[in-house]
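Asker: below is the sequence, then the predicted model.
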Amino acid sequence: MLPGVDSAAAQDAAVDDPVVLALIRKARELRESPQSLAAFAAYRADAEGHIYFYLDRDEGGAPIPMRVDQVAVDLYQNAAGQRRQVIRALRKRELLPIEDFHYYIDRLTAVQNGFGDRIAIGEGRDVRDVPHPLGSDGEETYHYLVTDSIRLSVLGLPAPIRVYEVEVRPRREDRPGMLGSVFLDVDSGALVRMTFSFTPSSYVDPRTDRVTVRLEHRLWEGGLLLPYRQVVEVRREIPELDLPVGSVIRATLDVVDFEFNPELDPGFFSAPALVTRPPYNTADSAEFRGGLMDRMAEEGLSPVSAADIEAEARRAARAHLVSGLPKVRVYADRVSSVLRANRAEGVHFGLGASYSPKEAVKLDALPGYGAGSGELTARVRGRWMVGEAATATVTIHWHQLRDAGPFAGASGAVNTVSALFRNHDYTDPWFATGVGVGLDRAIGSAASIRVGAVREEMSAVGSPIGFGSPEPGRAVRPVDEGVWAALSGGVVRRWEGLGAWGAEAGVTGTAGRWSGGGVAKLAARIEGNVARNDLSRRATFMLDVGAAWGELPTQLHFLLGGRGTLPGHPYRAYGGRRFALARGEASMALLSGWLSARLLAGAGAVGATPASLADAWQVGGTGGLLGYAGLGLGAVHDIVRIDGVWGMPGGAFELVFSVGSMLRPYL
């Protein structure tokens, strides 16, 4: 099929004009007619699909796959339009320890008829009783608008097929209905494609955030439009709590190898329309055309995927859909926002609320209180979509905890445990009060840009707070106080290679004003990932470099040393205005899903240390490269890690407990 676009009809179209209504009626009559083309397409076809169950972070970051299923299905239809499906084989793999469950049967099977007059998803437990736009109640329920015209040239047909994209919108959004597009053959009214979501009142399960559906038909012998591909995605959250994560079930199915007019037993279609599903992992692997994990990278769920860009694309797409969740909910953006401990705040408690007045707009407020410092904290943020691919953000923050860096020594939760039980806080803290704005925009499918501005007042921590351990805590390093104002911009580009490797490169520049003088910073990062399809072996390489010019605040210099950068060397004992840091990790499964062996190594250097930083923080340059190498174990799909690392040269042995990178944004 060779598509060509002719948009003249779309430019002259109006909502519910005679042309589009005539096409909708033609499509409805074709669906209702026993003489329709599809009713005479007797066939047998093979279908194969994957069902992915994963955690999806709202604000970027890699999704967390939890389970992958694969299904092989045989589809049948006779000349009278009777249909039957036989699930031939099922297999699955749990990527995280989760409770076993069975999917609704329509996650595993095909929609052969473009849905009936009433659309249901999840056996009617996700969506139920939604009028089909091409059904008997369609014109009473929906408005229609031709938005595009496409010509499809097909080998064997004398002329191209004209297809209209018809936008479908409900007349009343407070009733069950779909929102999306249907693509129709102008001459016959046959359904070519459907892409749609639903109004909030369509959702049956109160946990449902959004359900999206894409059905594609393909031209086969004699110009028959028959099932080709379908994707159904169901996203859920806890309705009362606005947490930064939701669970997603994405069911994909591809239909291939149609055999027309097959010879079948006379009573074949008198049997149940769907044969009972077979047990999992009992069929021969030859029943499947592809591997269980083969399409993980294509779906954006593999370690080789460009996580940040994929996540931003998913988040931007969701923002244009209408959610079924409550508009007002209790809000927290991570575990350490609810409860954390550090020497600047003591034990800090926080909990807020969010409000989504309409799709593509969200407001959230997150107040908190540091029991040790006696200080209130707060953040108020607004986010909204700008066009189809950009997100604007405005943030007002009060007494927000900040840490020197640019690399965190530990996740918020791990740092809390360390502070409470070892009196060892890995942060070098200060507080910031001010306002920030930002704009994120996707550029195609492989790049994104971000611009932002901030103006905030930096203030020092008061008396450090200990937690009762006999071990002395780290001293609180003095910070420079004053007003910091800056503009920043960055771009990220990604590459992928057939699901086996992925790479990402990004650069960020900052121009700021501090203490009456100008400041500039430039940072760049390259990350590469390789992994086997079954994830039994994987490797990651990261290179970070940075440089700064002007009189920076002490706390904004580059720091290296210890966990997070150069384990086996003194923690954050080196700092300056120039740095480079290369790190690599590799893992190999020992006990699939539960235990893996890890190798890690890295090297880095920092220099151009100003005298003010050296005197205030007792740090200096590395005087050349410092490195490390280590061995470790990863448990529960490499989420929990224990590594033994040796610093070189002249370093020491360090035992590092950490959490895998895919969970850190939630902690």
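Answerer: Arrived safely.

Asker: who's Asn583 bridged to?
Answerer: Asn isn't right for residue 583; it's Arg. Arg583 forms beta bridges with Met542, Gly602, as assigned by DSSP bridges.

Asker: and it, what does it touch?
Answerer: 541-542, 600-602 (Cβ atoms under 8 Å, 6 or more residues apart in numbering). No exception for glycine: its C-beta is placed from N, CA and C like everyone else's.

Asker: for the residues you listed, which one is nearest Thr609?
Answerer: Nearest to Thr609 among the contacts of Arg583: Gly602, at 20.7 Å, using Cβ to Cβ.

Asker: wait, the closest one touches Leu566, no?
Answerer: Yes - taking contacts as Cβ atoms under 8 Å, Gly602 lies within contact range of Leu566: 6.8 Å.

Asker: for the two, indicate the residue with more neighbours.
Answerer: Set side by side, Gly602 and Leu566 show more neighbours around Leu566, with 32 against 22, by other Cβ atoms under 10 Å.

Asker: pLDDT wise, what is the more buried one at?
Answerer: Looking at Leu566, its pLDDT reads 97.

Asker: in space, what's closest to Val640 - neighbours in sequence excluded?
Answerer: Distances taken as Cβ to Cβ, 6 or more residues apart in numbering place Val659 nearest to Val640, at 6.6 Å, with adjacent residues excluded.

Asker: how near is the one you found to Arg329?
Answerer: Separation of Val659 from Arg329 (Cβ to Cβ, to the nearest Å): 26 Å.

Asker: Ile449 now?
Answerer: 31 Å.

Asker: and for Val454?
Answerer: From Val454 to Arg329 the distance is 28 Å (Cβ to Cβ).

Asker: Ile449 and Arg329: who's more crowded?
Answerer: For the pair Ile449 and Arg329, the greater number of neighbours falls to Arg329 (19 against 16), based on other Cβ under 10 Å.

Asker: what is the burial count for the residue nearest to Val640?
Answerer: 17.

Asker: who's in contact with it?
Answerer: Counting by Cβ under 8 Å, 6+ apart, Val659 touches 411, 413-414, 639-641, 667.

Asker: surely Gly352 touches Arg381?
Answerer: No - Gly352 is beyond contact range of Arg381, at 9.8 Å (criterion: Cβ under 8 Å).

Asker: the more surrounded of these two?
Answerer: With neighbours defined as other Cβ under 10 Å, Gly352 and Arg381 compare such that Gly352 has more, 21 against 18.

Asker: now the more buried one, nearest residue through space, not along the chain?
Answerer: Sequence neighbours aside, Leu366 is the residue nearest to Gly352 in space, at 3.7 Å (criterion: Cβ to Cβ, 6+ apart).

Asker: gap between that neighbour and Phe657?
Answerer: 28 Å.

Asker: neighbour-wise, which of the two wins?
Answerer: Leu366 (21 against 14).

Asker: chain center to the longest helix along the chain, what's the gap?
Answerer: Selection of the longest helix in the chain by residue count, based on DSSP state H, yields helix 18-32. Distance, stretch centre to chain centre, for helix 18-32: 38 Å (Cα atoms, centre = their mean, to the nearest Å).

Asker: mean confidence score for it?
Answerer: pLDDT averaged over helix 18-32 gives 92.

Asker: buried residues of it, list them for me.
Answerer: 19-20, 23-24, 26-28, 30-31 (16 or more other Cβ atoms under 10 Å).

Asker: and after it, which helix or strand comes next?
Answerer: Of the helices and strands lying after helix 18-32 in sequence (DSSP states H and E), the nearest is strand 43-57.

Asker: same for that following strand, what does it pack against?
Answerer: Strand 43-57 is packed against strand 64-77, strand 225-236, strand 245-260, helix 307-319, with contacts defined by 3 or more Cβ pairs under 8 Å, 6 or more residues apart in numbering; DSSP states H and E.

Asker: just checking: what are the partner strands of that strand?
Answerer: Sheet pairing for strand 43-57, using DSSP bridges, gives strand 64-77 (antiparallel), strand 245-260 (antiparallel).

Asker: flag the shaky bits of this protein, pLDDT-wise.
Answerer: Applying pLDDT under 70 to the chain flags residues 1-13, 34-40, 59-61, 153-159, 221-223, 275-276, 302-321, 468-472, 497-499.
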